[in-house]
Structure formats: structure tokens, C-alpha cells
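**Q** turn this into a model:
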Amino acid sequence: MTLVWHLLRKDLRHSWIYLAAALCLLLLSATTFFSSLFSLWNARIGGYGSQGIFELLQIAAWSLLCGVLILAEPLPGIQQYWLTRPIRWQQLLSAKVLVIALFAALPIAIAHVAILMFRGFPLTGHLPGIVWNAVLLAAASFLPVALAASISRNLQQLILWLLGLGGLFFVLRQWSPEAAPSSEWIVMDVSLFILILGAGAIITWQYATRHTQAGRVAAFLLIVLAGTVQRWPASVRFGLQRAASPVPVDANVARWRVDLGNTVLQKSTPETAWTGARILYIPIELEGLPEGWTAEWDAWNGIEVSADGDTDGGAAVRKPPTISRRDSQSFVALPISKDFINRHANGRANITLGTELVLYGPAQTMTMDVNGTANLPGLGRCQSHTATELIIGCALAIHSAWNIRGQWAIGEPQEKSPVVLTVPETRSPLALLPSLSPLALPYGGFGATSDYTKGQIYLRLRKPKAYVHRRIEITGLPLY
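**A** Numbers count the residues shown, from 1 in each chain. All right, here's what the predicted structure looks like:
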């Protein structure tokens, strides 16, 4: 242990200027949270404020510090000076980890504690989340850089490896299809989990064996695996999402009921943008929800159309269905190609539509005046402001995982034009996505179409309880 502390002090002497720069940037970033909430939202959402700049500089400073720490004792090669000293690889790796823990993760946690206390959050309820976020942030920020540094001989090689591996990851993510909104957190969580676990294993193995060529191949394969998570089958991604449901539910909760007698098959019009198809309107209702719960459709997961033994559903369905509501009745609009219908003009179709639903627990409702504030017990504060438009913004503690729906009205709230303030980075119930900010800042506006100088804002806070897969099944539907 004495040698570990000796190595730690040596690293601090040689890299103190990088460490001081990173801590100064952390301090400057933290001071931006002591400004007004609207200044904070503008800096966060717009991405051009001082807070956004300081966060980018923080990432660069921490990355540079990590690279310098690893390259102080390069791993590739057999002629490194440190190999002639009585230093075991476990001691060397422990010293690097201690520097990161004491001078990166700990200062980040302290800064986040100070910010949340300044904003009036109770420390007891949020301290575990702050510590967990600091550990995740350190791992996500340092491990990828440490991985590249462990297979590099010098700073020039490190930069090339970072550009190469980072560029490969970016290309793979862009090449992959876009994930459904709710399963995006699955893609991000799994990618980050693979990167952290894989990078940690490769770094440890590289310190133990210094097989650099094999380590470079392993780093390449790791990036390919993490960058292609979005191409995993939808059934796998949504299966992981359902497994992460905070509350388990059985098959009798949230069932689709189909009113087959009122199903209508009509010709498409140019306005539908479904030329060459006929639209099947299927009346549906969702039943079996616990009292106070609500459900939202999230994505389609499996569409099958067959008729008279013809199962060419991919050609039959020209575009993804849509769900709409008219006169208190919900409909699925399913476009079916005219060619498929003509081939089975006197037949009957069997249709199965797989849906992914997000189930929310009972909502908490709060009100505030225009240009007023609302304190959300244990969560944070929301505020509205009128200028050229009515703007609502909230400041919540990280990983609050709340969906917030704001609505303006004079008198009782109406169902038209709600503003949904969803916090994407807190969607994950596993809280695996680290954040440089200790606050989540949902933000939205109503536009300048009405007189918003009076009235009230209604806020509905909902929390995801379960993610479920439910099928809409239709058998024997006439195609004439």
C-alpha cells in the first residue's frame, strides 16, 4: 500500500496542472447553477450558454488528465522505464484508480451536493443518486479514454486511437435505425454498460499481460458491439425494457378490445399520404387498467397480415399504422395495399398488431398562476414566464424519472394543446445514464396564439410503472 501512495503522489506532481484545470472548470460550471432558473434553462436547452461550454471543456479536461495519467507509465512495448522498478501491475492500476476516485468522482459529487442544497433539495433523499451518478460519470468519462491510452505508446497515438474508435462508434450509431422513443434509454443504457464493462476488462487485462495487439483487436470489437446495440431485434430491446418495469403486471392489465363490427375499410385520399392503399379503421379501447393509471402507446412491435394462406404482410402494409381518437373513440388506421386487397377481394383477413405501451401510475396534479411558480414536494420547482410566448420550465433532481404534462387554461383545463415536458435523460428506471448536471431541466412553450397573460397552468406529474407488450388481434375480417 505504501508503494500505491508513492505512485499516487508521483502522478499528482506530474499532472497537477491538468488536474487544476479540470477542477477549475468544474467550479465554474457549478457556479452557473446559482443563476436564475430561466438563465439556467436557456443555457441548458440552447446549448450555447456558459454552462454548456463549461461542460464540454470539463469532458476535454478530464479526458486529457486520464490520458496523461495512463501514458505516464505506457503499457505497450518492453523497454519502458517503470518495468525495471519493483512495481506490480495491481499497484500501478490501483494508483490510477485512486487519482480518478479522489480527484474526479469525489469533487463532482461534492459540487452536485452543493448545487442541490442551494436549490432546496433535501440531501437525505438524493445523496445515493448523487454518489451513483458521480461513479457512473467517472466511469463513462475515463474508461473509454483509458482504454485508448492503454493501447497507445504516446500522446500522438492516443489522439489517433480516440479519433478512430470514436469515429467508428459514431458511424455505427448513425448507420443503425432510429429506436422508438421509450426504448432509446435501453439502447443508451446497454451501450454504456457494454462500454464500461468491456473497457474495464480490457484495461485490467492489458495491465496484467501487456498484449497490446490483442488489446487493440479487443477494443475494436468492443466498439462494434456497443455501436450496434440499436440494430438488435426490436423484440430483444423491448424485452429488456419490459424486464426493467418498476412494477410487474400480469396479462390482464391493459388489454385491447376491438370493435370488429364497426371496422371500416375505405379508399385513401391524397391527404392521407397513403396513395395506393386502402385504409382500415379499427375501433379499439384499452381495458383493465388499475384505478388512476393511464397508458400511452409507444411503438409498434410486430405487424402480421394474412388472408387465404397469403402471409405477405410486409407487402400488404404500406406504411406503419397510426392511432387517433375521434368523438371519445380510439381508432387504428392501418394502410393495406390495393394489390393485396384485390388478390383477396372475396376473402377474409387475419391481422395481428403488436404494441408497446407505457403504463403510468396515478398522476399528481398541481396548479400555478401564469408568471408564477409551483414547488413539487421532494422533486423540485416549476416556473412559467410570458414574453412572446408562454414558457414552462422545471428544475428536478437527476434521475427523477417523471413525465410532466403542462396545460394552460382559464377555468377548467381542456384537452387541447397540452405541452409535454418529458426528461429524456431520466427516462431510464435503472438510472444508468450519467449526467454532468445535477438537475434535470424539462422545458416547453405554448406559442403566441392566445392571450397568456392570465389564467392558470395545470401540471400533471406521472411516473412510469410498467412497460408491456399487448396485441391487437382481428380474425376473419372481410376485405370487401
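**Q** C-alpha from now on. contacts and neighbour counts both.
**A** Will do.
**Q** what kind of secondary structure is Pro76 in?
**A** Secondary structure assignment for Pro76 (DSSP: H, G, I helix; E, B strand; the rest coil): coil.
**Q** residue contacts, it?
**A** 150-153, 210-212 (CA atoms under 8 Å, 6 or more residues apart in numbering).
**Q** restricted to buried residues, select those in ChimeraX.
**A** Listed next is the ChimeraX selection for buried residues among the contacts of Pro76, using 16 or more other CA atoms under 10 Å:
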select :150,151,152,153,210,212
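**Q** of all the contacts of Pro76, which two lie farthest apart?
**A** Put simply, by CA to CA the two of these set farthest apart are Arg153 and His211, 12.9 Å from each other.
**Q** strands of the stretch 201-350 of the chain, start to end?
**A** 255-258, 264-267, 277-287, 294-307, 322-326, 329-337, 348-360 (DSSP state E, counting those that start in this stretch).
**Q** in the fifth one, which residues are buried?
**A** The reference is to strand 322-326. Per 16+ other CA under 10 Å, strand 322-326 contains no buried residues.
**Q** quickly run through the sheet partners of it, with directions.
**A** strand 329-337 (antiparallel) (DSSP bridges).
**Q** what angle sits between the partner strand and strand 294-307?
**A** Put simply, strand 329-337 runs at 30 degrees to strand 294-307, going by axes from the mean of the first three to the mean of the last three CA atoms, to 10 degrees.
**Q** buried stuff in strand 329-337?
**A** Buried residues in strand 329-337, counted by 16+ other CA under 10 Å: 330-337.
**Q** between those residues, which sits nearest Arg13?
**A** Val332 (66.4 Å).
**Q** what pLDDT does that closest one get?
**A** Note for Val332: predicted pLDDT of 86.
**Q** what lines up beside the helix or strand encompassing Ile391 in the sheet?
**A** Here Ile391 sits within strand 390-397, counting by DSSP states H and E. The pairing partners recorded for strand 390-397 under DSSP bridges are strand 380-386 (antiparallel), strand 439-440 (antiparallel), strand 443-445 (antiparallel).
**Q** shouldn't Gln364 be in contact with Leu461?
**A** Yes: Gln364 is within contact range of Leu461, at 5.0 Å (criterion: CA atoms under 8 Å).
**Q** looking at these two, which is more packed in?
**A** Neighbour totals were compared for Gln364 and Leu461, and Leu461 leads with 19 against 12 (other CA atoms under 10 Å).
**Q** got phi/psi on the more buried one?
**A** In terms of degrees, to the nearest 10, the main-chain angles of Leu461 are phi -100, psi 120.
**Q** one more: Pro246?
**A** Main-chain dihedrals, Pro246, degrees, to the nearest 10: phi -60, psi -30.
**Q** pretty sure it is touching Gly361, no?
**A** No: using CA under 8 Å, Pro246 is not in contact with Gly361; the gap is 10.7 Å.
**Q** what sits in contact with each of those two?
**A** In terms of CA under 8 Å, 6+ apart, Pro246 and Gly361 are both contacted by the residues 464-465.
**Q** what lies in contact with stretch 192-210?
**A** Outside stretch 192-210, the residues that touch it by CA under 8 Å, 6+ apart are 75-77, 89-90, 93, 139-140, 143-144, 146-147, 150-151, 212, 215, 218-219, 222-223, 225-226, 432-433.
**Q** which parts of the protein are helices?
**A** 2-31, 37-46, 50-71, 89-100, 106-118, 123-150, 155-175, 184-209, 212-227, 234-243, 313-316, 338-343 (DSSP state H).
**Q** so, low pLDDT: which residues of the stretch 201-350 of the chain?
**A** Scanning the stretch 201-350 of the chain for pLDDT under 70 picks out 265-276, 308-316, 318.
**Q** rerun that using 80 as the cut-off
**A** 234, 237, 244, 260-278, 306-320, 324-329, 337-347 (pLDDT under 80).
**Q** Met465: neighbour count?
**A** For residue 465 the amino acid is Lys, not Met. Burial of Lys465 is recorded as 21 neighbouring residues (other CA under 10 Å).
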